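A.B. asks: Okay, sequence plus prediction incoming.
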2 protein chains.
Amino acid sequence: MRFETSTIKDIAKALGLSTSTVSRALRDRYEISEETKKLVLAYAEKVNYRANPIARSLKERRSYSIGIIVSEIANNFFSQVINGIESIAYDRGYHVIISQTHESHKQEKLNVEHLASRSIDGLLIALSSETQDITYLRDLYAKGLPIVFFDRVPEDFATHKVIANNFKGAFDATEHLILSGKRTIAHLTNSENLSITRERLKGYQAALAKYHIEFKPELVKYCQHGGMHSAELEQAVKELLPHKPDGIFISSDRLTTGCIMALKKTNPEIAHKIAIAGFTNSNLVELFSPSLTSVKQPAFEMGQVATELLISMIEAKREITEFETKILDTELVRMQKTLGNRFL
Amino acid sequence: MRFETSTIKDIAKALGLSTSTVSRALRDRYEISEETKKLVLAYAEKVNYRANPIARSLKERRSYSIGIIVSEIANNFFSQVINGIESIAYDRGYHVIISQTHESHKQEKLNVEHLASRSIDGLLIALSSETQDITYLRDLYAKGLPIVFFDRVPEDFATHKVIANNFKGAFDATEHLILSGKRTIAHLTNSENLSITRERLKGYQAALAKYHIEFKPELVKYCQHGGMHSAELEQAVKELLPHKPDGIFISSDRLTTGCIMALKKTNPEIAHKIAIAGFTNSNLVELFSPSLTSVKQPAFEMGQVATELLISMIEAKREITEFETKILDTELVRMQKTLGNRFL
DNA sequence: GACGTTTTTGGGAACGTTTGCACACTTTTT
DNA sequence: AAAAAGTGTGCAAACGTTCCCAAAAACGTC
């Protein structure tokens, strides 16, 4: 039970033209007379003709689709990035295929290769927290698949990248904690594999240094799975608390919410006594208790910029040799002291 | 700059066979001798042959892709449904294309027609809150496009549907409010167009009736745009408060969080005095202040069931005449009184 | 050894497009 | 008047598959 639509052949037959003429008329080529064009267009409209994108893809050897790899769509940051991607992609005639890694390297590789075999024209990817080996991406890239990285980017990969100003975001958040009187500031962060982890750590350290606070490695906890498992978070919190932090700077969306959750679950009595500042794009932060100061990334814009770069690569006629790394500014949203946040 | 891969033709030439033989060998047809099969398979493996899905789609007139239409992926309920969908789809060899309506009917129609022209094999859809006219879906369905509705379903459309037990979910939530002593229970809900709105209203009314509480229409507020605009929500809250509700039952994910937000923003002094019970699949409810009782839908499972039904339609050899409406149970998660929720 | 049967293989059309090339016709140029 | 240039159209190949139909090869059977 497949549904049939009219094809170029049908139109040609009905109008007594050749398929080439019809094809050209539909694509508004200069060779075709205005008269014929009108005729074809009118008839196509009448029978509600839709070009078969599959046939077109086969012929043109491109699919007008771009692949997206993120760890999770149920993540405020990534879903906002995706919205940004779509806003550009659809305008430019591309559709998007989204895949989730759930922070697993294996899944990431599987998904990318699946997408590649589905003949996507290009790939937008934020690496999973497990990922260390990206030779499979290099191979695809070498074979000609355009790739743009965003958010979690590899170091030595000559292509376009779009990231937030992670250093500054981390610096601002840490400084904010310091300025509100905190002195023992812990740092809960993602896997060390990730670029964002390294950059944000540096920002954290720089803020400490500026205020002459000693950096203590034992106050930094890494979560290899990016907080995908609550046990991982609870363990990290448990290891952190003996050092009696009065503030925590947290380095990613999922970790931030996960950490507050863990704190509330395992140590409700002190959950409100520790000031928290963290990266998150949740639009519900205002509801959270304990409340927190958040670093918001320009997620939507990041998606847009990445997509524009990718499409420029896809549609480039000549080899590209100059690559950009766009850095977008984050925004610090300070905690509001409302009824629910009296540090009771 | 397109990247070339080896094709069936290349293999045939290299091995001195015909393309048909190679094709059959790869698909493990009975006609081909074991010997030849081994030869072909080995060589295919060696050159890392990947069948071109576009060519295959063109020939077989199907794309092995299914379309998904939701209002927003940045919505806990929908992103969980999508995870459920993917878990089944990928296993069965389909990939998914996700589109968002942002609760706009126009966008919905546009997206569906775009997907249809992209030759998806089937469609999974939750209607937008604006949608009233679904003749465009009937047309596509009549032309042979398999469609399965989930969550927000039309009434008279003979196809498979998957929904939550909305009546019971609403009943339970309302009863919970009543049992905790509330008597003036408002109901904030979605557009009247939606099936979920009607079903949940009935559950709300039934709970009131059971406890002999009069149903007052002025305590029910509809949000035409499903809470996509904060102004809409603030207006609804503003109209509700003069009736001095001591409890509110809220009928959807976005509205629930939006309403608490609006309440906190416009009337922080009473935000903690009103008990709230609402549909939401947020996994962050435990962090919310004021806290709330939530009705959780089996979102992941809903996605799985819907996908199984859809694939069964796609792969059916004969016309289907019997359609099911699967109803999945919701779960009531009672508010916990923790430090942050002392109704201060 | 001639003839069926079965097994294995190949030829080629088809799916719906796009596009290089050739052709026919008109118009302009010399 | 012939040649050149311009205009509009059609033919046919190609993209990478699948699959119908025939052909060839291998094997029995009488």
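C.D. replies: Thanks, I have it.
A.B. asks: Please identify the residues of the stretch 51-200 of chain A in proximity to DNA strand C?
C.D. replies: When proximity is defined as C-beta under 7 Å from any atom of the strand, the stretch 51-200 of chain A approaches DNA strand C at A:51-52, A:55-56, A:58-60. Placement of C-beta: from N, CA and C, glycine included.
A.B. asks: Mind checking which of those residues are buried?
C.D. replies: Neighbour counting with 16 or more other C-beta atoms under 10 Å in any protein chain shown marks A:52, A:55, A:58 as buried within these.
A.B. asks: Filter those down to just the ones in helices.
C.D. replies: Members of these lying in helices (criterion: DSSP state H): A:55, A:58.
A.B. asks: Also near DNA strand D: which of the buried ones among the residues of the stretch 51-200 of chain A next to DNA strand C, exactly?
C.D. replies: A:55, A:58.
A.B. asks: Any stretches of the stretch 151-300 of chain A with poor pLDDT?
C.D. replies: Nowhere does the stretch 151-300 of chain A drop to pLDDT under 70.
A.B. asks: where along it do the helices fall?
C.D. replies: A:166-179, A:195-210, A:230-240, A:253-266, A:268-271, A:299-314 (DSSP state H, counting those that start in this stretch).
A.B. asks: ok, how many other residues are close to the residue of the stretch 201-344 of chain A found nearest chain B?
C.D. replies: Going by C-beta to the nearest C-beta, chain B is nearest to A:Ser289 of the stretch 201-344 of chain A, at 3.2 Å. Counted by other C-beta atoms under 10 Å in any protein chain shown, the residues lying close to A:Ser289 total 25.
A.B. asks: And for A:Lys317?
C.D. replies: 5.
A.B. asks: Tell me the pLDDT of it.
C.D. replies: pLDDT recorded at A:Lys317 is 79.
A.B. asks: A:Asn341 too?
C.D. replies: pLDDT, A:Asn341: 42.
A.B. asks: Same question for A:Ala12.
C.D. replies: Reported pLDDT for A:Ala12: 93.
A.B. asks: Now do it: how many residues are near it, please.
C.D. replies: The number of residues packed near A:Ala12 is 18, by other C-beta under 10 Å.
A.B. asks: can you tell me which residues contact it?
C.D. replies: A:18-19, A:21-22 (C-beta atoms under 8 Å, 6 or more residues apart in numbering or on different chains).
A.B. asks: Out of the residues you listed, which is nearest to DNA strand C?
C.D. replies: Nearest to DNA strand C, judged by C-beta to the nearest atom of the strand, of the contacts of A:Ala12 is A:Thr19 at 4.7 Å.
A.B. asks: ok, and the closest non-adjacent residue to that closest one?
C.D. replies: Excluding the flanking residues, the one nearest A:Thr19 by C-beta to C-beta, 6 or more residues apart in numbering or on different chains is A:Ala12, at 4.7 Å.
A.B. asks: For chain B, see how far away the one you found is.
C.D. replies: According to C-beta to the nearest C-beta, to the nearest Å, A:Ala12 stands 19 Å off from chain B.
A.B. asks: before we move on, which element is that residue in?
C.D. replies: When elements are assigned from DSSP states H and E, A:Ala12 belongs to helix A:8-15.
A.B. asks: Does anything pack onto the following helix or strand past that helix? Which helices or strands?
C.D. replies: Downstream of helix A:8-15, the first helix or strand assigned by DSSP H and E is helix A:19-26. Helix A:19-26 sits against helix A:8-15, helix A:34-46, with contacts defined as 3 or more C-beta pairs under 8 Å, 6 or more residues apart in numbering or on different chains; DSSP states H and E.
A.B. asks: Can you say which of those is nearest to A:Leu194?
C.D. replies: With distances scored as C-beta to C-beta, the stretch of the helices and strands packed on helix A:19-26 nearest to A:Leu194 is helix A:8-15 (48.9 Å).
A.B. asks: Flag every buried residue along the closest one.
C.D. replies: Buried residues in helix A:8-15, counting neighbours by 16+ other C-beta under 10 Å, are found at A:8, A:10-12, A:15.
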